[in-house]
Structures are given as structure tokens and as C-alpha cells.
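>>> Model the following, please.
(one chain, ligands or ions: 2)
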Amino acid sequence: MTDLTSRPPILRIEELRYSAANTLIFNGLNLNVHQGESVALCGPSGTGKTTLLTCILGLTRPDGGCVLVAGEDVTRLSKRRMAMHRRKHVGMVFQFGELLPELSPVENVALAALLAGQDRGSAYDSAKVLLDELGVPHGQTPTAYLSGGERQRTAVARALITDPPLILADEPTGALDQQSRDSVASVLFDLPRRRGCALVVVTHDGSVARRANRRLDLVAGRLAGAEA
Ligand SMILES: Nc1ncnc2c1ncn2[C@@H]1O[C@H](COP(=O)(O)OP(=O)(O)OP(=O)(O)O)[C@@H](O)[C@H]1O
Ligand SMILES: [Mg+2]
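Ligands and ions are numbered 1, 2, ... in the order given. Okay, here's the model as predicted:
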């Protein structure tokens, strides 16, 4: 197996500090994630897992430290440059998919590509190819009528359509039954191997976390576990 850590990390967080509502959330947190690897982020409710993802997305400005995504410190980018940087480098999968229910799966996925500047024809073609690959039927049916698992796989396709080197997922299987959970988890954890991207998954589910290369627990504002 190639040494994943021999390349520079796609995500590097150094000495992250952040307090909200007089509560210390990050207290000098460090994290390195390399392309081709998967990391499960675990920890009790309210410890700051979602907040950490929002820092990586550049939506929350920490009080100190840096968050390097593809070598760029996103804590120092303007909102506009951050949005452009994010579109190019990060794909996000939310717990409930956060898709537009009245649009078909193809439209939902193609929309992300159109927003990233792809032309209409290639956006729709790549959306269909991705949905096929992930086993989502793609007729004209509005996304609202799909099963939970199909919706979540559509959300994965939407995160992948721009081929980002970093995929983030916040409890992507939290709302699914066991069978859908296993199928969505398989799709997600196959990504680093198949596409060479990095994957960071927040999960409360031990069986999902066990699929990751590394499991880190957010405890007292830092990540505990093996740090590369
Ligand atoms: N902008 C904010 N203003 C005030 N409090 C905030 C803000 N952002 C986060 N918090 C608080 O920070 C803590 C961490 O929240 P966060 O949503 O990141 O937790 P979590 O680990 O994702 O929890 P869960 O597992 O329940 O999803 C919570 O106590 C939350 O209320
Ligand atoms: Mg959360």
C-alpha cells in the first residue's frame, strides 16, 4: 500500500481556537487529512463536530489558528474568494441531503455543476453518469419521492460532481435504516480508493466509524486518537 502521508495534506488544521456563547469549543485543535484517506470524527453531541466542518467550509471564522484547504488558509479568505475556493475543493453531504425536493435527482446534481461553471450539456451528462454509478434511478420523478437512501446517494453525487479533492459529510447516515445506512456508507468509504479524494465523516454510528482509516474523537476542544 502507498504511504498516504507522504503527500502534503489536503486539509491541515493547526492550533484551532474558537469560543461561542462563552463556551470554549476548540482549544488548540490539530488535524491533518491526506488525499486517499478517510477519517471518522466522533464525540458526544454538542462537542463541536458540525462547527469544525463549518470552519473547514469557511462559514465559521475561528478566533485563532489556521485551516488550510489545498494549501490555502480559508480563515483569511474574503467571503467571495472563499466561495470560489470551496466550490473547487470541497464537496459537502448533509444529514438530510438538503436537496431541492421538487427537482429530479439529475437536476439537483447538475445544478451543483452549473453553479461551478460547467456548461448545461456536460453538467446533465455527468450527473446521469454519477447517479448511475451510485445506483440512483434518474427519471423525471421529483427527489421528494425517492427513498431516504436514494436521496442520500443523490446528495453524495451532488458533492462529487465537481470532483473535489475533499469530501465532508455530517452524519450522512443518521436518518437512514440499517440497509440504506450500509449502502450509503459503502458508497462514501469507496470514494478515497476510487477517486483519490479525502473523506471526513462525522458520525455517531460505531459501525460507520469503523470503516474509516482513522477514527478521531472530539474531546475537550481537541481531537484524540492517532494523528498523522
Ligand atoms: N454560532 C454559535 N453561537 C452560539 N453557539 C454555538 C454556535 N455554533 C455552535 N454553537 C454551540 O457550540 C456547540 C457545538 O455545536 P455543534 O453543532 O458543532 O455540535 P455537534 O458536535 O455537531 O453536536 P451533534 O452531535 O448534536 O450534532 C453547541 O453547544 C452549540 O450550541
Ligand atoms: Mg452536529
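>>> Show the contacting residues for the most centrally placed residue in the chain.
Nearest to the mean C-alpha position of the chain, by CA atoms, centre = their mean, lies Leu168 at 1.2 Å. Leu168 is in contact with Leu53, Ile56, Leu57, Val90, Gly91, Met92, Val93, Val200, Val201, counting by CB atoms under 8 Å, 6 or more residues apart in numbering. For every residue, glycine as well, the C-beta is placed using N, CA and C.
>>> so which strand or helix has it?
Here Leu168 sits within strand 166-170, counting by DSSP states H and E.
>>> Quick one: name whatever helix or strand follows that strand.
helix 178-195.
>>> now for that next one, which elements pack on it?
Here helix 178-195 touches strand 38-42, helix 148-160, strand 166-170, strand 198-202, helix 206-209, going by 3 or more CB pairs under 8 Å, 6 or more residues apart in numbering; DSSP states H and E.
>>> does ligand 1 sit close to the fourth one?
The reference is to strand 198-202. No - legend: contact between strand 198-202 and ligand 1 by CB under 6 Å from any ligand atom is lacking; minimum distance shown is 6.7 Å.
>>> At which residues are the helices of this structure located?
Applying DSSP state H to the chain gives helices spanning 49-56, 79-89, 105-115, 120-133, 148-160, 178-195, 206-209.
>>> Let me have the ones you listed in CSV, extended by distance to ligand 1.
CSV is the format used below for those (distance: least, CB to the nearest ligand atom, whole Å):
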stretch, distance to ligand 1
helix 49-56, 3
helix 79-89, 16
helix 105-115, 24
helix 120-133, 28
helix 148-160, 17
helix 178-195, 17
helix 206-209, 13
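>>> Now tabulate these in CSV and tack on distance to Val69.
Output for the helices of the chain, formatted as CSV (distance: least, CB to CB, whole Å):
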stretch, distance to Val69
helix 49-56, 6
helix 79-89, 5
helix 105-115, 18
helix 120-133, 23
helix 148-160, 15
helix 178-195, 16
helix 206-209, 23
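>>> ranking the ones you listed by burial, who's on top?
Highest mean neighbour count among the helices of the chain (mean count of other CB atoms under 10 Å): helix 148-160, with a mean of 25.
>>> that older thread, alpha carbons of the strand holding Leu168, in PDB - could you do that?
Extracted in PDB, the C-alpha atoms of strand 166-170 (Å, rounded to 0.1, in the frame of the first residue of the first chain):
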ATOM      1  CA  LEU A 166     -12.000  16.800  -0.100                       C
ATOM      2  CA  ILE A 167     -15.400  15.500   0.800                       C
ATOM      3  CA  LEU A 168     -17.100  16.300   4.100                       C
ATOM      4  CA  ALA A 169     -20.200  14.500   5.400                       C
ATOM      5  CA  ASP A 170     -22.100  15.400   8.600                       C
END
